[in-house]
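Colleague: after the sequence you'll find the predicted model.
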There are 4 protein chains.
Amino acid sequence: MNLYVPDEKGAIMIKVGVVGATGYAGEEVIKILSKHRQVKIAELSAIIDKEEPFSSIFPAFKGVVDLVCKKPNPEEMAKNVDLVFLGLPHRVSMEVAPAFLKAKKRVVDLSADYRLPPDTYKTWYGVEHKDKGNLPVAVYGLPELYREKIEKAQLIANPGCYPTGVILGIAPMLKEKAIDPASIIVDSKSGVTGAGRKADISLSFAELNENFKAYKVNAHQHKPEINKVLSDAAGAAINIIFVPHLVPMNRGILSTIYMKLSGAMDTKKLLALYKDFYKGKPFVRVADEDKFPQIRDVVMTNYCDIGVKVSGDTAIVVSCIDNLTKGAAGQAVQNMNIMCGFDEREALL
Amino acid sequence: MNLYVPDEKGAIMIKVGVVGATGYAGEEVIKILSKHRQVKIAELSAIIDKEEPFSSIFPAFKGVVDLVCKKPNPEEMAKNVDLVFLGLPHRVSMEVAPAFLKAKKRVVDLSADYRLPPDTYKTWYGVEHKDKGNLPVAVYGLPELYREKIEKAQLIANPGCYPTGVILGIAPMLKEKAIDPASIIVDSKSGVTGAGRKADISLSFAELNENFKAYKVNAHQHKPEINKVLSDAAGAAINIIFVPHLVPMNRGILSTIYMKLSGAMDTKKLLALYKDFYKGKPFVRVADEDKFPQIRDVVMTNYCDIGVKVSGDTAIVVSCIDNLTKGAAGQAVQNMNIMCGFDEREALL
Amino acid sequence: MNLYVPDEKGAIMIKVGVVGATGYAGEEVIKILSKHRQVKIAELSAIIDKEEPFSSIFPAFKGVVDLVCKKPNPEEMAKNVDLVFLGLPHRVSMEVAPAFLKAKKRVVDLSADYRLPPDTYKTWYGVEHKDKGNLPVAVYGLPELYREKIEKAQLIANPGCYPTGVILGIAPMLKEKAIDPASIIVDSKSGVTGAGRKADISLSFAELNENFKAYKVNAHQHKPEINKVLSDAAGAAINIIFVPHLVPMNRGILSTIYMKLSGAMDTKKLLALYKDFYKGKPFVRVADEDKFPQIRDVVMTNYCDIGVKVSGDTAIVVSCIDNLTKGAAGQAVQNMNIMCGFDEREALL
Amino acid sequence: MNLYVPDEKGAIMIKVGVVGATGYAGEEVIKILSKHRQVKIAELSAIIDKEEPFSSIFPAFKGVVDLVCKKPNPEEMAKNVDLVFLGLPHRVSMEVAPAFLKAKKRVVDLSADYRLPPDTYKTWYGVEHKDKGNLPVAVYGLPELYREKIEKAQLIANPGCYPTGVILGIAPMLKEKAIDPASIIVDSKSGVTGAGRKADISLSFAELNENFKAYKVNAHQHKPEINKVLSDAAGAAINIIFVPHLVPMNRGILSTIYMKLSGAMDTKKLLALYKDFYKGKPFVRVADEDKFPQIRDVVMTNYCDIGVKVSGDTAIVVSCIDNLTKGAAGQAVQNMNIMCGFDEREALL
């Protein structure tokens, strides 16, 4: 709950809606927005049996967000909001976004539906894209790379959780042409909320607790998303090796990245390269020499922490985010802040 | 795998089947039986899409139990086994057990279907009992209380997980008339495998991890089972207060039991009472004064550890088991050992 | 970080210090204060090898709290702060508080040093009290019971973690004389940060993970604290049964409380009694009928969630807090807010 | 406890001692030996305050191993055992082993003290080696590579936990010259018992739970051990990239290994290569195509499970063990079984 109203002069206050309020990402967007001083949460919807206060579904929100969560009706919701967050499953978002876009409302989509070209999308998500009209105007919402486009965007494709940490870990190297772009190996480890909230034995406590495993070995749907953005950054086709793993913890992604250096480099120089690249970016923190990030330092925050080291001809980069914050809801709010001219950090610090 | 065959003279070897092989209790029975030197696992069945080696379903069993797991066919299985374990959901066991009993085979049922009188069963499990014919001959398989009956039984109602630890914690007091039987309060805490293996959001990692809660407050279906056995022990109707809780760990139940003493008693006397009651019982260990049991000392074992203390007019008893071993599969094998004249401890130490 | 300065008219801004900044409670106070709009964190100290930025010790605070953490020097710190939080071990606080009190500064002490009369203190903490002069003016900082005294206090004895949840769960019954005061049984379960940050094998991951145990059975040092406050509320000596347990999770305490009703009562009436008692108290939420609280709904918040049920002549009350927030640092800030005339909820919602 | 004595004809029964009985590895050796039918646990020792039954120190062993644990006295113990396991810290083993070797007893050392040449040892463990006389006769106890030498060994250097899984994952490729030996990248993830049982804040529950981190990035002391064994296998100097990580679980190590193929290869051929290499090795299981191992399938077992995949010119190998079993105590017993002519699998299945 936000106790203080911003003073009158210049204060902007917008009305916001959340579609898919009961998923992990939707719930997290709502939690962050409840602390935002220039936002009024105006509408919530989800596929539910009966319409009831959001705080009846999630008792944690009692006294914090007691607004009724409605059944989905995009056209109706569009009348009552300035901006909407879509916390929907892949393949569903592209059926819902057009109603808001048509009504000239801003959309931050947390699914994968507006992140890939239609052919790549079809290959990895198994269906024909249903909103090819809006796809070209979508802006990939990674503020550290695309801030200027985000400022003017109407539709944001909010990045996937793995891509956020991985791209932030690699982009400086590509921009500086410091590595062999064919040599990138990414070994990622994620907490289990990354898989979303659903009834599935493979997500049950007893299957995941005291367990650790690789999955979708070099075949995860976030790989083409990473490849696309890195290829844009490098100006050449990039194809990484990408192996994700599941860690028995709720939140967080740590990626260990191995790259062959294209020329002589030591850790100090590498560190300078990263610190320089992220200068003035409030949500990326580069660790000092011999320090590496850990999940507990970024969990429940919008930070991406990065540590780097040179070993022989190999650069080792460790990048670390909270998958539900910087990897989803926090970055979505960061994008909204930029789109609306708010302080980029509002509700996120 | 069992490397040594027992020598010829007197060695009994029986053929055993497991119905419901893919549930937590069924899987655990199979794991224990794989180490048993007088048992041949002859048949496995479960509701599965296709018949395949058990070790293809659970890779942990590769090289250990590679027997094919079949679709259920009780009549056929009965031809090929001497004894069967039923690791089935409540309400299903009573439809399967009769086929084995009719074929004169022994049955150890791990469900609740043969534990309660028909009227109590209907009240708590919501359906009419379907095998009232066999119900009266079922023996409640708690060896520390009913060893002699178990030796001669054809059908064992293997106790529930909560009842096992709770009854072992209270029975000595009732037998010695050391407490007011109307004063029993049981506060139990269970690991999450107690709820079984099923697709359910409420059992997912992210809902249970870093969480703790009470559930079915004084309304859990194990309460009438506990009441029935304790009433038998006391020779009078007993109605406990019973609140179970869910702990973010895979296995184990710890119950803290509060009872009003009926007369003067100190901790030393109480300890003597418990040590005396469980003398010669290999699977109950009573802790010394000022020591209390913990889950990690019983996990993956068939032990029930008990600690006791007197505070004023209150006896505090802490009892501790592994819910899948002493609370289910281990006790089931212990019952089989007793029924078949094997060493009670075989495969359990 | 606090992005907006409060407007000029009437805005109060105070300078705050934290002694014991590197313990769990101290760290949590700092995290909460970093979001507080009427507080400037002016001084941090702890027993450390070298003075360095707080964010060098805890990288999570990089860019959030970069203030240097000094070695302890109460007299010096007192010159530079209006109010100080003491996040020190028991027995140490009473050596540090006097310097601040003498300098006329406000003190919120998170240790047990000012919570008990000197004789009880000696019995449970093993040493003679060293600041008997200030002990009588200390106010027990449980705002839901002692708000008026807190408003005027100079020295706050911030309640223990167990006592906070337990007292809030029982006080309404005593005030309404609804129970037999001799019948109270409290079964508490705590996450492991309750034991503080220290090098101790018994606190290591491998000892606690996948484990659950009772400890200090009816002999925990928080028992006399609970007894004292409840006795004050009842106007008669109260001596509860209190058994704490350790849950393999970081944060949270859930207490299940059993009390004998003194007269006829049903769940609806009981619920009304609790809702009435906590009306207007922003940080206590009473659950609706048949609902019970869980840790995940209060974790990282200052809420105490309560659920109640009548079973025969027994009232069952479940109370739930975050041990580091409402059970320590959050309540400490709530007390500061009340002492300073700020909104009680500032930085806590 | 072992219920059956082996029959007379041909049965060997040896007396065994464990030095360092209270560490994780020592405790695990004792647990395994308690099920071994050709071993009598004759002596236990550890650095302890007073000599008492092992089951008083670890209540889990009550009724299982009640032997008194003594203070260390290698010369005395050597008189009473045929073989000893040393579960000691690095740098201590080399002071204890000579007493047993001098007395012509067999030694299985679980520390790193006999695994490396003296100069490498000094570089990584910081001290001059103190038993250079016995160092050359030590056999590296990885049975899948060195079975014949182990059969005749008096002193076994039991492999480190990381090296066991990593070497088993890479050795087949080097033997078949299927990869560029300069291209090996190993990303390992370990449960926390790998760090041993000690009082250390960095090992405490609250620091590790809900956390994940890299540590000793390409600077872990197991790297030279891996390099040495792989260099022997390749017949050329090998220098891997090795980054270990800490997973919030008790047991298990999963290593994801990336290698550049030296020639054309597909997943089927790679799979055949591994299955062929490990044919007849009872404790290595190679998963079928598209399957990858997970910790829960090997935990509490002596198996190493391996899964492989080719992606372009890269081979991805996932190897998985229980760090305390195949990575320490289980492999130690496997070595003993081979040294003594027992079935390699005794007490391990």
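Modeller: Thanks, I have the structure now.
Colleague: what average pLDDT does the one helix or strand residue A:31 maps to get?
Modeller: In this assignment (DSSP states H and E), residue A:31 forms part of helix A:24-33. Averaged over helix A:24-33, pLDDT sits at 97.
Colleague: run a quick neighbour tally on the residue in the stretch 1-150 of chain A that chain B sits nearest to.
Modeller: Per C-beta to the nearest C-beta, residue A:24 is where the stretch 1-150 of chain A lies closest to chain B, at 7.2 Å. Glycine gets a C-beta too; all of them are placed from N, C-alpha and C. Applying other C-beta atoms under 10 Å in any protein chain shown, we find 23 residues neighbouring residue A:24.
Colleague: distance from the helix holding residue A:31 to the middle of the chain?
Modeller: Offset of helix A:24-33 from its chain centre (C-alpha atoms, centre = their mean, to the nearest Å): 12 Å.
Colleague: list the helices and strands that helix packs on?
Modeller: Where contact means 3 or more C-beta pairs under 8 Å, 6 or more residues apart in numbering or on different chains; DSSP states H and E, helix A:24-33 is packed against strand A:14-19, strand A:39-45, helix A:330-340.
Colleague: what about these, which gets the closest to residue A:149?
Modeller: helix A:330-340 (9.8 Å; C-beta to C-beta).
Colleague: tell me which residues of the closest one are tucked away?
Modeller: Using 16 or more other C-beta atoms under 10 Å in any protein chain shown as the test for burial, helix A:330-340 gives A:330, A:331, A:332, A:333, A:334, A:335, A:336, A:337, A:338, A:339, A:340.
Colleague: these two touch, right, the fifth one and residue A:302?
Modeller: Yes - between residue A:334 and residue A:302 there is a contact under C-beta atoms under 8 Å: 6.3 Å.
Colleague: what do those two both touch?
Modeller: Between them, residue A:334 and residue A:302 share these contacting residues under C-beta atoms under 8 Å, 6 or more residues apart in numbering or on different chains: A:283, A:348.
Colleague: what bits of chain A have low per-residue confidence?
Modeller: Counting by pLDDT under 70, chain A contains low-confidence ranges at A:1-11.
Colleague: and it, what are its domains?
Modeller: Using automatic domain parsing, the domain parsing of chain A gives A:14-137, A:161-323.
Colleague: point out the most buried one among those domains.
Modeller: Mean neighbour count (mean count of other C-beta atoms under 10 Å in any protein chain shown) peaks for domain A:161-323 among the domains of chain A, with a mean of 21.
Colleague: got the residues of the stretch 51-200 of chain A near chain C?
Modeller: Contacts of the stretch 51-200 of chain A with chain C, taken as C-beta under 8 Å from any C-beta of the partner chain, map to A:58, A:59, A:60, A:62, A:63, A:64.
Colleague: report the two of these separated the most.
Modeller: A:58 and A:63 (12.0 Å).
Colleague: what about stretch A:281-293, how long is it end to end?
Modeller: This stretch, stretch A:281-293, spans 17 Å end to end (C-alpha to C-alpha, to the nearest Å).
Colleague: give me the contacts around that stretch.
Modeller: Contacts to stretch A:281-293, defined as C-beta under 8 Å, 6+ apart, come from residues A:143-144, A:168, A:254, A:267-268, A:271, A:274-275, A:278, A:302-309, A:318-320, A:326, A:334, A:344-345, A:348, C:59, C:62-63, D:213-215, D:217.
Colleague: is it true that residue A:273 touches residue A:172?
Modeller: Yes - using C-beta under 8 Å, residue A:273 is in contact with residue A:172, at 5.7 Å.
Colleague: could you look up the SS state of residue A:37?
Modeller: What DSSP: H, G, I helix; E, B strand; the rest coil gives for residue A:37 is coil.
Colleague: the strands in the stretch 201-349 of chain A, which residues?
Modeller: A:213-214, A:241-246, A:253-260, A:284-286, A:304-311, A:314-321 (DSSP state E, counting those that start in this stretch).
Colleague: nearest to residue A:184, out of those strands?
Modeller: Proximity to residue A:184 (C-beta to C-beta) singles out strand A:253-260 among those, at 5.3 Å.
Colleague: extract the C-alpha trace of stretch A:301-320 and format it as PDB.
Modeller: Extracted in PDB, the C-alpha atoms of stretch A:301-320 (Å, rounded to 0.1, in the frame of the first residue of the first chain):
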ATOM      1  CA  THR A 301      15.300  -7.200  -6.100                       C
ATOM      2  CA  ASN A 302      15.500  -6.000  -9.700                       C
ATOM      3  CA  TYR A 303      19.300  -6.200  -9.800                       C
ATOM      4  CA  CYS A 304      21.400  -8.200 -12.200                       C
ATOM      5  CA  ASP A 305      24.800  -8.900 -10.500                       C
ATOM      6  CA  ILE A 306      27.700  -9.900 -12.600                       C
ATOM      7  CA  GLY A 307      31.200 -11.300 -11.800                       C
ATOM      8  CA  VAL A 308      34.000 -11.900 -14.400                       C
ATOM      9  CA  LYS A 309      37.300 -13.700 -14.600                       C
ATOM     10  CA  VAL A 310      39.900 -14.500 -17.300                       C
ATOM     11  CA  SER A 311      41.500 -18.000 -17.200                       C
ATOM     12  CA  GLY A 312      44.000 -18.500 -20.100                       C
ATOM     13  CA  ASP A 313      42.000 -17.800 -23.300                       C
ATOM     14  CA  THR A 314      38.700 -18.200 -21.600                       C
ATOM     15  CA  ALA A 315      36.400 -15.500 -20.100                       C
ATOM     16  CA  ILE A 316      34.200 -16.800 -17.300                       C
ATOM     17  CA  VAL A 317      31.200 -14.600 -16.500                       C
ATOM     18  CA  VAL A 318      28.700 -15.300 -13.800                       C
ATOM     19  CA  SER A 319      25.400 -13.500 -14.000                       C
ATOM     20  CA  CYS A 320      22.700 -13.600 -11.400                       C
END
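Colleague: that stretch near chain D anywhere?
Modeller: Yes - Stretch A:301-320 comes into contact with chain D (C-beta under 8 Å from any C-beta), by way of A:307, A:309, A:311, A:312, A:314, A:316, A:318.
Colleague: what about that stretch, near chain C?
Modeller: Yes - on the criterion C-beta under 8 Å from any C-beta, stretch A:301-320 is in touch with chain C at A:301, A:303, A:305.
Colleague: does residue A:101 touch residue A:153 like I think?
Modeller: No - the criterion here is C-beta under 8 Å, and residue A:101 misses it with residue A:153 at 11.3 Å.
Colleague: ok, and the closest non-adjacent residue to the closest residue to chain C within the stretch 151-300 of chain A?
Modeller: In the stretch 151-300 of chain A, no residue comes nearer to chain C than residue A:297, which is 4.0 Å away by C-beta to the nearest C-beta. Once flanking residues are discounted, residue A:297 sits nearest to residue C:60: 4.0 Å by C-beta to C-beta, 6 or more residues apart in numbering or on different chains.
Colleague: could you do residue A:317 as well?
Modeller: In space, residue A:317 is closest to residue A:257, 4.3 Å off (C-beta to C-beta, 6+ apart).
Colleague: how close does the one you found sit to residue A:238?
Modeller: Distance, residue A:257 to residue A:238, using C-beta to C-beta, to the nearest Å: 13 Å.
Colleague: try residue A:186
Modeller: Remark: distance between residue A:186 and residue A:238 (C-beta to C-beta) = 11 Å.
Colleague: got the buried residues for stretch A:136-146?
Modeller: For stretch A:136-146, by 16+ other C-beta under 10 Å, it's A:138, A:139, A:140, A:141, A:142, A:143, A:144, A:145, A:146.
Colleague: please save the CA atoms from stretch A:52-59 in CSV.
Modeller: Below are the C-alpha coordinates for stretch A:52-59, written out as CSV (Å, rounded to 0.1, in the frame of the first residue of the first chain):
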residue,chain,number,x,y,z
GLU,A,52,-13.8,-12.4,-5.7
PRO,A,53,-11.3,-10.1,-4.0
PHE,A,54,-7.7,-10.8,-5.0
SER,A,55,-6.9,-11.0,-1.3
SER,A,56,-9.4,-13.9,-0.9
ILE,A,57,-7.4,-15.8,-3.5
PHE,A,58,-4.1,-14.8,-2.1
PRO,A,59,-4.5,-14.1,1.7
